[in-house]
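Trainee: Quick one: sequence and predicted model below, then my questions.
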Amino acid sequence: MSEKNRYSPNRRDFMKGASATAIGTALAMGARPVYGANDEGKERVGSWCKDTYRQLHLDSHFGALKDIFADFDAEAAADMFVRAEVQMVSYFSKCWAGYSYYPTKFGIHHPSLERDFTGEFTAALKKRGIRCIIYYMMATERKLQKEHADWLINGDPKLAIPDTIKDEGVAIMCYNSPYTDRVSIPQMKEIIELYDVDGFFVDIVMQQYLQWNCYCKNCRELYAKEIGGEIPTIESDPNAFKYRKWSNAHMEAHMEKVYRALAELNPDIAIIN
């Protein structure tokens, strides 16, 4: 929590350690994976995942760019991946800038995108038997962050109103706020209902819990109700580790809630956190 102990790991280093840290802490607390009624003793993943080895992720954070995908040919791209014997492709529905790459009722369509990129690409890939994983940046928001400042991640223990994370008006919303239930899960359900997708790559889930301590109104009220007292602000606080265990438990509960909500629509859905 102290400034000297803060660091900003790059994506490669973070992904190498975050999964093991989160899972290890959860298991140490006694948490165990929850399986479907007919899957006792088995790893809970989409049944197709175990035979899918050649996987490709296309990173497309094009929030600040103009005329994105103007000349995109979904059929030609899908043909290229068939020749490369790719079995699964991960591609965008919502980027870091908070823009959606398809027509949506819940988000903001990218202002420079004149097509349904997510829908066109999904149709072309599925036609060729390629699995489709939708990249979804769950926590970034452009509109509601202005109306609900108390939903934002707030890393300031002095409880000052947090600023947006970038000048272009994007903010990171707290997963313990109403944003998850009112926007994130409904938009992911919208994608499942619109397109025949096989799963989601949900970005910055673990990182939000492991990198930041959040002092937003929702976290403070939840912590006071479940643990009691105020969220610790320094590492030497006797309750600092108690807070960390509480935060990690909520991280796992968040991932479980998202999975269960989407599995109601597609029991074979795969969620990559």
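Mentor: That came through fine.
Trainee: Which pLDDT value does the model give H61?
Mentor: On pLDDT, H61 comes in at 92.
Trainee: now it: how far from Q208?
Mentor: Per Cβ to Cβ, to the nearest Å, H61 is found 17 Å from Q208. From N, CA and C alone the C-beta is placed, and that goes for glycine too.
Trainee: of the two, who's got more company?
Mentor: Between H61 and Q208, Q208 has the larger neighbour count (other Cβ atoms under 10 Å), namely 21 against 14.
Trainee: and that one, what is it in contact with?
Mentor: Neighbouring residues of Q208 by Cβ atoms under 8 Å, 6 or more residues apart in numbering: A139, I153, I172, C174, Y175, C214, M251.
Trainee: among those, which are in strands?
Mentor: Members of the contacts of Q208 lying in strands (criterion: DSSP state E): I172.
Trainee: Dump the contacts of Q208 to JSON lines, plus pLDDT.
Mentor: What follows is the contacts of Q208, written out as JSON lines (pLDDT from 0 to 100):
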{"residue": "A139", "pLDDT": "89"}
{"residue": "I153", "pLDDT": "89"}
{"residue": "I172", "pLDDT": "89"}
{"residue": "C174", "pLDDT": "93"}
{"residue": "Y175", "pLDDT": "92"}
{"residue": "C214", "pLDDT": "91"}
{"residue": "M251", "pLDDT": "92"}
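Trainee: what's the most distant pair in the contacts of Q208?
Mentor: Farthest apart among the contacts of Q208 by Cβ to Cβ are I172 and M251. That separation is 14.8 Å.
Trainee: Counting neighbours, go ahead and name the busier of these two.
Mentor: Using other Cβ under 10 Å, the more surrounded residue of I172 and M251 is I172, with 27 against 22.
Trainee: I'd like the distance between that one and M137.
Mentor: Separation of I172 from M137 (Cβ to Cβ) stands at 9 Å.
Trainee: Give me the common contacts of those two.
Mentor: Joint contacts of I172 and M137 (Cβ under 8 Å, 6+ apart) are I204.
Trainee: Verify the stated contact: F69 with F117.
Mentor: Yes: the pair F69 and F117 passes the contact test of Cβ atoms under 8 Å, sitting 5.0 Å apart.
Trainee: Thanks a lot, see you next time.
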